[in-house]
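Chemist: following is a predicted model, sequence given first.
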Amino acid sequence: MRRMGSVRFVTYGCKANQYDTQVLREALVRRGWKEEDRGADLLVVNTCTVTAEAGRKARQLIRRAHREDPRTKICVTGCLAESEPEVLREMPGVEWVLGNGEAKQPVHFLRELGEEFTPEELGIPSGITEFSGHTRAFLKIQDGCDMACAFCIIPSVRGKSKSRPIPELVAEVERLAESGYVEIVLCGIHIGHWGRDLGLELADLVAALCAAAPRGARGRPCDFRLRLSSIEATEVSDRLLEVMARESRRVAPHLHMPLQSGDDEILAAMNRWYGVEEYLGHCDRIRSALDRPAFTADVLVGFCGEEDRHFERTLDTVRRAGFARLHVFPFSVRPGTAAEHLGAPPPPPLVRERRAALSELASELQVEYRRSLDGAEDSIVLEGAVGLSGRYQRVRVPLEELEGPLPPRVDVRLALERDAESGEERLVGHATANDRLEHAR
């Protein structure tokens, strides 16, 4: 393989995996490697093993890539490389199998590829400087998980929770904002546990990141917004809510809080650590601290032992929570998890029926939440005439209302308006007079 080669990256799975890929990408780009879609010298496959299907797709891609170009050397990394390394090593074309942790660190990765590096390169700041192919940047603040949900294999392939230090993360936020990323999403495997190994808590980190001071051209401050990715409802502390309320323009009022099931019996079988009323109580507490926050969540349908009565309770819980958006997944048993020994899940036709019913309810709640935002103030990160609001809504902004150069973000008052062509209700963000004046300057 040439030292100055070409590389293709394929990533499966979560935001943390996408972040890890960017770290490896930058390690090679610094050495002159070129990224190619086809005919690359090296294929790096960053894998996921959260479901058996995710592993199957990765192995299928590896076989196809070798069949299409046997000269391509393949490096497999990520969670599947941790859970079944021997299987992957036997696959044709696979030269390297690097799991998680130290194995996926840039220095180890480069050594495995035969790349040389100087002592000075060890001083390169940890993390990333851009997020290729994305308008928003992801920032991985921790890795690993200390919990033991019955359906999840991640703790066994990611290890214990390990937090990145505050100074390192503040520096990375500043680099990303200076590179033009207006929204930075804090991600990890279990971000609510950030800081436990450092004697800190997540509120400490969020407050420090809000105080970051990135500077752009001519030393002018760079605008940026933080968004928390998935966080457990039980881990949204009062201190964190105080920071979010105080820094309302710096932190999006949106919390993705996995529910998984809305029935106490199923939650217990899943080895989740809360009950329905506790979860809903946290929703009420958060709503009292923030102005119309957006709640989104994951729900698994068809877990082992789920009967009609369990599912009806889940529908009721979802309705009471008032989610702005819901991600509904059919449960599938992952070999190696505790759920593998809990008995058979409901038959697939029934799971499909339940999934459709829950998705229909989620759509109704999405409309209700959107209507509740009529008249609210929000901040829109623009992508042309449409942007993403802090409350995780797509909002159209009439560009003719903005004077001067188009800003990366604009503060607006939301209005529910009916589209003349489709007849559908949508949110439109009208810039305030003060905001127009500010951009005109």
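Modeler: It's in.
Chemist: what mean pLDDT does stretch 60-73 get?
Modeler: For stretch 60-73, mean pLDDT rounds to 95.
Chemist: number the residues from 2 up from this point.
Modeler: Okay, using 2 as the starting number, the last item reads as stretch 61-74.
Chemist: in it, what counts as buried?
Modeler: Within stretch 61-74, the residues that count as buried by 16 or more other CB atoms under 10 Å are 62-63, 66-67, 73-74. All C-beta spots, glycine's among them, are computed from the backbone N, C-alpha and C.
Chemist: just stretch 408-425 next, same as before
Modeler: 408-413, 415.
Chemist: where does the stretch 52-201 of the chain dip in pLDDT?
Modeler: Within the stretch 52-201 of the chain, the stretches with pLDDT under 70 are 103-104, 119-125.
Chemist: can you give me the helices for it?
Modeler: 53-69, 80-84, 86-90, 107-113, 155-159, 167-179 (DSSP state H, counting those that start in this stretch).
Chemist: check contacts around residue 298.
Modeler: By CB atoms under 8 Å, 6 or more residues apart in numbering, the contact list for residue 298 reads 257-260, 322, 324, 327-328.
Chemist: quick revisit: in TSV: the buried residues of stretch 61-74, plus distance to residue 192.
Modeler: Formatted as TSV, the buried residues of stretch 61-74 follow (distance: CB to CB, whole Å):
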residue	distance to residue 192
62	29
63	30
66	33
67	36
73	35
74	35
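Chemist: burial count for residue 381?
Modeler: By other CB atoms under 10 Å, the residues close to residue 381 number 25.
Chemist: tell me the contacts of it?
Modeler: By CB under 8 Å, 6+ apart, the neighbours of residue 381 are 388-390, 396, 398, 410-413, 430.
Chemist: what's the closest of the residues you listed to residue 423?
Modeler: residue 396 (16.1 Å; CB to CB).
Chemist: does residue 81 really touch residue 57, like I thought?
Modeler: No. Counting by CB atoms under 8 Å, residue 81 does not reach residue 57; the two are 9.9 Å apart.
Chemist: so the two - more neighbours on which side?
Modeler: The residue with more neighbours, out of residue 81 and residue 57, is residue 81; 28 against 11, by other CB under 10 Å.
Chemist: which parts of this protein belong to which domain?
Modeler: Annotated domains of the chain cover 7-124, 134-253, 283-373, 378-441 [automatic domain parsing].
Chemist: could those domains go into CSV alongside distance to residue 275?
Modeler: Putting those into CSV (distance: least, CB to CB, whole Å) gives the following:
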stretch, distance to residue 275
domain 7-124, 21
domain 134-253, 5
domain 283-373, 8
domain 378-441, 23
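Chemist: so which residues of the stretch 202-351 of the chain form helices?
Modeler: For the stretch 202-351 of the chain, the helices defined by DSSP H, counting those that start in this stretch cover 203-211, 239-247, 265-270, 277-290, 309-322, 349-373.
Chemist: helix/strand/coil for residue 22?
Modeler: Secondary structure for residue 22, judged by DSSP: H, G, I helix; E, B strand; the rest coil, is helix.
Chemist: ok now do it, which residues does it touch?
Modeler: 10, 12, 45, 47.
Chemist: among these, who's most crowded?
Modeler: residue 47 leads those on contacts (other CB under 10 Å) with 26 neighbours.
Chemist: I'd guessed that residue sits against residue 79; true?
Modeler: Yes. Look at residue 47 against residue 79 with CB under 8 Å: they come within range, at 4.4 Å.
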